[in-house]
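[1] what follows is a predicted structure for the sequence shown.
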Amino acid sequence: MKLPENGTPWPQLKAEMSERGAGDAKWRDGKTAVYVFNAGPEVEQVQKEAFTAFMSENGLGPLAFPSLAQMEKDVISMALDILHGPEGATGAMTSGGTDSITMALKTARDHARSKGQSGQANIVLPQSAHLAFDKAAHLMDIEVRRVPLKTDGSFEADPDAMAGRLDSNTVMMVGSAPNFPHGIIDPIAALSDVALEKGVWLHVDACVGGFLAPFARMNGVPVPAFDFELPGVQSMSADLHKYGYAAKGASTVLFRSDDLYRHMPFEFAGWSGAPMKTPTLAGTRPGGAISAAWAVMNHLGIEGYRRLQGKVCAAREEVEAGLRARGFEILGQPLLGLIAFRHPELHSFAVYGELYKRGWFTSVTKEPRSLHLMLSPKHAEMIDAYLRDLDAACEAVRASAGEAKESVQPRYN
Ligand SMILES: *Cc1c(COP(=O)(O)O)cnc(C)c1O
């Protein structure tokens, strides 16, 4: 497409865009269990209106837009409150989990340097940790040491094996709460002990669990301690645009103290322009992402989050029961909204492909090969329909002798 010579009136473009969207995943119907967190039309309306209210404002300018600066402070303070941030804990909003992880790693690296670390820096993480760590490490020329998970079928990080890979150039070790591929919360308490004993920075990646696990716990789910409650945890990432139900472009990166946080902002005066200090990677920061997060958090409150997260956990329990009844094995013991599962006789990717044909946008895990669901509150009403289509998908795979074709090899994008 070339930039058109003349403009087109908005009503015409609006119609065209709606037509273009017609082929996209119909996530509002509840048949998408990846990419979108569907808390229903009421939350969507709050997101939309709150986003557009500050869409043109710029979080880069706290003096021009004290409203946004205060909303960001409020969001960080609410996040620290539910994640047991101690007195003096602090943080910032970023554009997403990858951004939060990148900034946490940069901060940990600069903190280590300030203590004299000077060789080739490395990070130690479980095999199930998100690839955002590899991306960030790639940007900063940091060596990544991925460590195999425990072999007891728990799909948890192995703290002893991780301890064995730490050295004086390790700037960060990582635990997930939960990891994305299996939905399992790593043994953060044991990782915290290792971190304290060895004097290594522990980051808890709660991108997908940070705004779910605390409320599941309040609802009586036996979620183990995973946040700043554990003294070895120095930083956390928790995404608002996942189970925080905020508009996309919103995450938090949190630090135990200002003494750690102070290694994050970038301040510079050596150019022609005015001196500038930015807390995160972004220069211009979308006001809408901040205002939408602030509004959704205040709209839901603890009561609203508990209600929604109760639905997510109930949906997972119901789907688990249905899967077990059909001979599927659940990987580990998921407690939150992510679940991975496989059938002893059926090729998971082939079943995935058959579900896709029936309108389900879900995902897969590679190690071990399994099907994957990321459940939203909306899915509480979709379990029967999903299991019916799963039966049909399994039947189709059995009938076709089950080998995954190249065309159904799933990828995220
Ligand atoms: C989603 C996710 C990330 C990355 O977040 P983005 O917002 O997609 O950049 C990191 N870690 C975990 C565990 C995640 O689920």
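    On my side now, so go ahead. Note that this is a predicted model, so its numbers are computed, not measured.
[2] in this structure, what residue lies closest to the ligand?
    Residue nearest to the ligand within the chain (Cβ to the nearest ligand atom): Gly97, separated by 2.1 Å. Yep, even glycine has a C-beta here, placed from its N, CA and C like the rest.
[3] can I assume that residue is in contact with Ser237?
    Yes. In this structure, Gly97 is within contact of Ser237 by Cβ atoms under 8 Å, at 5.8 Å.
[4] the more surrounded of the two?
    Neighbours were counted for Gly97 and for Ser237 using other Cβ atoms under 10 Å; Ser237 has more, 32 against 25.
[5] what is the mean pLDDT for stretch 175-185?
    Stretch 175-185 carries an average pLDDT of 98.
[6] just stretch 190-207 next, same as before
    98.
[7] mind saving the C-alpha coords of that stretch as CSV?
    The C-alpha coordinates for stretch 190-207 follow below in CSV (Å, rounded to 0.1, in the frame of the first residue of the first chain):
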residue,chain,number,x,y,z
ALA,A,190,13.9,-22.5,47.9
LEU,A,191,15.2,-20.2,45.1
SER,A,192,15.1,-17.3,47.6
ASP,A,193,17.2,-19.3,50.1
VAL,A,194,19.8,-20.0,47.3
ALA,A,195,19.8,-16.4,46.3
LEU,A,196,20.4,-15.2,49.9
GLU,A,197,23.0,-17.8,50.6
LYS,A,198,25.0,-17.0,47.4
GLY,A,199,24.3,-13.3,47.4
VAL,A,200,22.6,-13.3,43.9
TRP,A,201,19.7,-11.2,42.7
LEU,A,202,16.5,-13.2,42.4
HIS,A,203,13.9,-12.0,39.9
VAL,A,204,10.4,-13.4,40.1
ASP,A,205,8.7,-13.4,36.7
ALA,A,206,5.1,-13.0,37.7
CYS,A,207,4.1,-11.5,34.3
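[8] so that stretch, near the ligand or not?
    Yes. Applying Cβ under 6 Å from any ligand atom, one finds stretch 190-207 touching the ligand at 205, 207.
[9] now do the helices in the chain.
    Ranges of helices within the chain are 10-20, 41-53, 66-82, 97-114, 132-139, 159-163, 188-198, 213-218, 258-261, 287-325, 348-357, 383-399, based on DSSP state H.
[10] and the lowest-mean-pLDDT helix or strand in the chain, which strands flank it?
    When each helix and strand of the chain is scored by mean pLDDT, DSSP states H and E, strand 276-278 comes last, with a mean of 94. When pairing is defined by DSSP bridges, strand 276-278 lines up against strand 266-268 (antiparallel).
[11] ok, residues contacting the partner strand?
    Residues from elsewhere that reach strand 266-268, judged by Cβ atoms under 8 Å, 6 or more residues apart in numbering: 275-278.
[12] can you pick the most crowded of those?
    Counting neighbours by other Cβ under 10 Å, the top entry in those is Thr278, with 17 neighbours.
[13] please enumerate the shared neighbours of Gly97 and Ser237.
    Shared contacts of Gly97 and Ser237, defined by Cβ under 8 Å, 6+ apart, comprise 205, 207, 251.
[14] JSON lines please, covering the residues you listed and showing neighbour count.
    Compiled in JSON lines, the shared contacts of Gly97 and Ser237 are given as follows (neighbours: other Cβ atoms under 10 Å):
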{"residue": "Asp205", "neighbour count": "30"}
{"residue": "Cys207", "neighbour count": "29"}
{"residue": "Ser251", "neighbour count": "30"}
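[15] which of the residues you listed fall in strands?
    205, 251 (DSSP state E).
[16] can you count the residues close to Pro265?
    Around Pro265 there are 13 residues (other Cβ under 10 Å).
[17] please name the nearest non-neighbouring residue to it.
    Leaving aside its chain neighbours, Pro265 sits nearest to Pro279 (4.8 Å; criterion: Cβ to Cβ, 6 or more residues apart in numbering).
[18] if we can go back for a sec, how about the residue of the chain closest to the ligand, nearest residue that isn't a chain neighbour?
    Using Cβ to Cβ, 6+ apart and skipping the chain neighbours, the partner closest in space to Gly97 is Cys207 (3.6 Å).
[19] and the one you found, what does it touch?
    Applying Cβ under 8 Å, 6+ apart, the residues near Cys207 are 97, 100-101, 130, 132, 237-239, 242, 251.
[20] now tabulate those in CSV and tack on pLDDT.
    Output for these, formatted as CSV (pLDDT from 0 to 100):
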residue, pLDDT
Gly97, 98
Ser100, 98
Ile101, 98
His130, 98
Ala132, 98
Ser237, 98
Ala238, 98
Asp239, 98
Lys242, 98
Ser251, 98
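[21] give the rounded mean pLDDT of stretch 399-413.
    Average pLDDT, stretch 399-413: 63.
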